[in-house]
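Novice: Attaching a predicted model along with its sequence, questions to come.
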Amino acid sequence: MIALDQVTKTYPGDVKALKGISLRIKKGEFVFVVGQSGSGKTTLFKLLLKEMEPTSGTIYINNKNLGRLRRRRVPKLRRGIGVVFQDFRLLKDRNVYENIAFAQQVVGAPNRLIKKNVMAMLKLVGLPDKAKSYPNELSGGEQQRVALARALVNNPPLLLADEPTGNLDPKNSWEIMKLLEAINMRGTTVVVVTHNKEIVERMQKRVITMSEGEIISDERKGGYIYE
Amino acid sequence: MSSFLYGIKQGIKNVFRNRLFSLASIGTITACLFIFGIFYCMVMNFQHIFSEVETTVGVTVFFDEGVEEDQILDIKSQIEKQDEVDNVHYTSADEAWKEYKEKAFPDTDQNILTNLDNDNPLASSASLEVYLKDAAMQQDLVDYIKGIDGVRSVNASKSVADSFASFGRLLSYVSLAIIVILVGVAVFLISNTVMIGITVRHEEIAIMKYLGATDFFVRAPFLIEGMLIGLIGSLIPVCVLKVLYEKVVSFMTTEFTSLSRFMTFLPSGEIFRVLIPISLIIGLGIGFIGSYVTLIKHIRV
């Protein structure tokens, strides 16, 4: 699903964010990427979305070399990747239904399908009766569920979550994790970038630990080793 | 199809979201096209009046002594072949004498002068009256005729023709200069309006990109917004101008009846049949260019 070969990223001023990392993530895996601020997690996240180019090395997603991907093909790449952020990034002037439907409008889905798909997603994330609520009327946990529904409504084979529990209390964090696990069980590959030690320990999934732009450990059923 | 409708819907919403800036842009385009419209009406009417005057502005050609009528008629057909010539009228020496008699001695017994008929004092006054299609071309024609063998002199009402032509040209240049400046201002304002829209909606645009939106999908609402502003900005002045033009023309023709003898206005239909599509195209064009330039610069997936 994802393959990185000797990927480096150097920012202007000779700031080395990634120092030649290589990794493989198979289809259907659930992977945590952990590490301190400045360890290169966010850079990795941006490279996978082709928001920027690596300084050297190659990145493959679904056997496609991102370095050779033409600019006009980038939207298609992103349609295959669902993204969830710490701050939810919902459109505040649109209700829950419209926020999720927006993802379908972006890819040009026909109107008759949008309603069906949005309602199915709301059911999946446990918010079938919140369709008409606005983001500011929802709790943090509920907002993240809406963001998840939006990320998944186009049925992407890969889900990237950047600190999805960063703004949530432990109870809501755990519920979101269980939801991500359920989504993973349906066949979606899930990559979660996080700081949340408790959750990483409890989930017992593959954990890739990064430090100063390098992968310092990659454990099949790991814990949070970085203190 | 749903992306297209989405673009239109969001574009219309954008115009209202950015109300103040939209109004400023619409106002500038309206001013620009209003001035353009006024100048257009003036230039077209002046041209219309000129073209009537031009048919009365002629060039008179006189010939050397001894040039025969056949030769003059040859020259006539030669002149008629020139593009700028509308028509040529031949006045023979006899006709010239007859006209002169009637003009100079209207009250005299014409018989007294009949004695002179066989010894025409104006024997070498046969002439060609040349009427032009376009007064601006007069000098070229005069030069050309002067070069023909047998031509003695060419009389032309140079100053009238020149002043008409140069006034028309001046009016066109002034209007062109004003329009260029205003179009520049309008493009700049639309570009700013769209820029503000992009800034206000940067979060939405970022989300769109993550969701896999194409450049077209992200840009379309802004393009529609710009073009809509241009369209509204062009519809207002043509509507106002049409009403104003009809009122002014009817006022001028009823209040200044003496004017209408040498000055007729073009009917409103004839002016606006051309002005409406031109204004709409300019308005839409300004809107399109203003927003497109900004989008190319600031929105890339």
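Specialist: That came through, no problem. Residues are numbered from 1 along each chain as shown, chains lettered A, B, ... in the order given.
Novice: Please see if stretch A:144-154 touches chain B.
Specialist: Yes. Against chain B, stretch A:144-154 shows contacts by Cβ under 8 Å from any Cβ of the partner chain at A:150, A:154. (Glycine included, C-beta is placed from N, CA and C.)
Novice: burial of the closest residue to A:Met52 other than its chain neighbours, as a residue count?
Specialist: Spatial nearest neighbour of A:Met52, excluding adjacent residues (Cβ to Cβ, 6 or more residues apart in numbering or on different chains): A:Lys46 at 5.3 Å. Using other Cβ atoms under 10 Å in any protein chain shown, the number of residues around A:Lys46 comes to 15.
Novice: In contact with residue 196: list those residues for me.
Specialist: As the question left the chain open, I've gone with chain A. Applying Cβ atoms under 8 Å, 6 or more residues apart in numbering or on different chains, we find A:Asn196 in contact with A:165-166, A:173.
Novice: wait, chain B
Specialist: For B:Ile196, the contacting residues are B:18, B:21, by Cβ under 8 Å, 6+ apart.
Novice: Pull up the per-residue confidence for it.
Specialist: Here the pLDDT value assigned to B:Ile196 is 84.
Novice: With B:Tyr210 instead?
Specialist: 89.
Novice: Can you tell me how far it is from A:Ala103?
Specialist: As judged by Cβ to Cβ, to the nearest Å, B:Tyr210 and A:Ala103 stand 9 Å apart.
Novice: cool, B:Thr264 as well?
Specialist: Using Cβ to Cβ, one obtains 64 Å as the distance from B:Thr264 to A:Ala103.
Novice: For the two, indicate the residue with more neighbours.
Specialist: Neighbour totals were compared for B:Thr264 and A:Ala103, and A:Ala103 leads with 28 against 14 (other Cβ under 10 Å).
Novice: helix or strand right after the one helix or strand the more buried one maps to?
Specialist: Assigned by DSSP states H and E, A:Ala103 belongs to helix A:96-106. Per DSSP H and E, helix A:96-106 leads on to helix A:111-124 as the next helix or strand towards the C-terminus.
Novice: Just list what that next one packs against, helices and strands only.
Specialist: When contacts are defined as 3 or more Cβ pairs under 8 Å, 6 or more residues apart in numbering or on different chains; DSSP states H and E, helix A:111-124 sits against helix A:96-106, helix A:140-152.
Novice: okay if I get the ones you listed as JSON lines plus mean pLDDT and distance to B:Thr254?
Specialist: As requested, those are exported to JSON lines (pLDDT from 0 to 100; distance: least, Cβ to Cβ, whole Å):
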{"stretch": "helix A:96-106", "mean pLDDT": "92", "distance to B:Thr254": "59"}
{"stretch": "helix A:140-152", "mean pLDDT": "92", "distance to B:Thr254": "68"}
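Novice: And the average pLDDT for the lengthiest helix in chain A is what?
Specialist: Looking across chain A with DSSP state H, the single longest helix is helix A:170-185. Mean pLDDT, computed over helix A:170-185, is 90.
Novice: quick one: it to helix A:111-124, angle?
Specialist: 130 degrees (axes from the mean of the first three to the mean of the last three Cα atoms, to 10 degrees).
Novice: and for helix A:170-185, what are the contacting residues?
Specialist: With Cβ under 8 Å, 6+ apart as the test, helix A:170-185 has contacts from A:28-30, A:124-126, A:139-141, A:144-145, A:148, A:152, A:159, A:161, A:164-165, A:168, A:190, A:192, A:196, A:198-199, A:202-203.
Novice: Filter those residues down to the buried ones and hand me the ChimeraX line.
Specialist: This is how ChimeraX selects the buried members of the contacts of helix A:170-185, with burial counted by 16 or more other Cβ atoms under 10 Å in any protein chain shown:
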select /A:29,30,124,125,140,141,144,145,148,152,159,161,164,165,168,190,192,196,199,203
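Novice: would you list the contacts of A:Asn196 in CSV and tack on distance to A:Val83?
Specialist: Output for these, formatted as CSV (distance: Cβ to Cβ, whole Å):
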residue, distance to A:Val83
A:Thr165, 15
A:Gly166, 14
A:Ser173, 18
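Novice: Among the residues you listed, which one lies nearest to B:Leu223?
Specialist: Nearest to B:Leu223 out of those is A:Gly166 (Cβ to Cβ; 36.8 Å).
Novice: Pull the number of nearby residues for that closest one.
Specialist: 16.
Novice: looking at this, A:Ala3 is in a helix?
Specialist: No. Secondary structure of A:Ala3 (DSSP: H, G, I helix; E, B strand; the rest coil): strand, not part of a helix.
Novice: excluding its backbone neighbours, what's nearest it?
Specialist: Closest residue to A:Ala3 apart from its sequence neighbours, by Cβ to Cβ, 6+ apart: A:Tyr60 at 4.2 Å.
Novice: same deal with B:Gly226?
Specialist: B:Ser291 (2.9 Å).
Novice: what residues does chain A put near chain B?
Specialist: Taking Cβ under 8 Å from any Cβ as the contact definition, chain A meets chain B at A:49, A:71-72, A:74-80, A:83, A:89, A:91, A:102-103, A:105-111, A:150, A:154.
Novice: Using neighbour counts, trim those residues to the buried set.
Specialist: Going by neighbour count (16+ other Cβ under 10 Å), the residues of chain A next to chain B have A:49, A:74-75, A:77-79, A:83, A:89, A:91, A:102-103, A:105-107, A:109, A:150, A:154 buried.
Novice: Which strands and helices lie in contact with the helix holding A:Ala103?
Specialist: helix A:111-124, helix A:140-152, helix B:2-17.
Novice: Toward the C-terminus, what is the element adjacent to the shortest one?
Specialist: If I follow you right, that is helix A:140-152. strand A:158-162.
Novice: Find the closest residue to chain A in the stretch 51-200 of chain B.
Specialist: Among the residues of the stretch 51-200 of chain B, B:Val200 lies closest to chain A, at 10.8 Å counting by Cβ to the nearest Cβ.
Novice: How about the stretch 101-250 of chain B?
Specialist: Using Cβ to the nearest Cβ, the closest approach of the stretch 101-250 of chain B to chain A is made by B:Gly212 at 3.4 Å.
Novice: Give me the pLDDT for the nearest residue to that residue once chain neighbours are set aside.
Specialist: In space, and not counting its chain neighbours, B:Gly212 is closest to A:Arg79: 3.4 Å by Cβ to Cβ, 6+ apart. The per-residue pLDDT reported for A:Arg79 equals 92.
Novice: what sits against A:Arg79?
Specialist: Per Cβ under 8 Å, 6+ apart, neighbours of A:Arg79: A:107, A:154, A:156, B:211-212.
Novice: want to try CSV for those residues, with distance to B:Thr28 as columns?
Specialist: Listed next are the contacts of A:Arg79 as CSV, based on distance: Cβ to Cβ, whole Å:
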residue, distance to B:Thr28
A:Val107, 37
A:Asn154, 41
A:Pro156, 45
B:Leu211, 35
B:Gly212, 37
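Novice: Return the distance of the helix holding A:Ala103 from the chain's centre.
Specialist: Relative to its chain's centre, helix A:96-106 lies at 18 Å (Cα atoms, centre = their mean, to the nearest Å).
Novice: relative to helix A:111-124, how tilted is it?
Specialist: Angle, helix A:96-106 to helix A:111-124, by the same axes, to 10 degrees: 130 degrees.
Novice: In PDB, could you pull the C-alpha coordinates for helix A:96-106?
Specialist: Presented in PDB, the C-alpha positions along helix A:96-106 are these (Å, rounded to 0.1, in the frame of the first residue of the first chain):
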ATOM      1  CA  VAL A  96     -23.100  17.900   9.500                       C
ATOM      2  CA  TYR A  97     -24.800  16.600   6.400                       C
ATOM      3  CA  GLU A  98     -23.400  19.400   4.200                       C
ATOM      4  CA  ASN A  99     -19.900  18.900   5.600                       C
ATOM      5  CA  ILE A 100     -19.900  15.200   4.600                       C
ATOM      6  CA  ALA A 101     -21.800  15.800   1.300                       C
ATOM      7  CA  PHE A 102     -19.100  18.300   0.500                       C
ATOM      8  CA  ALA A 103     -16.500  15.500   0.100                       C
ATOM      9  CA  GLN A 104     -18.800  13.900  -2.400                       C
ATOM     10  CA  GLN A 105     -19.500  17.100  -4.300                       C
ATOM     11  CA  VAL A 106     -15.700  17.600  -4.600                       C
END
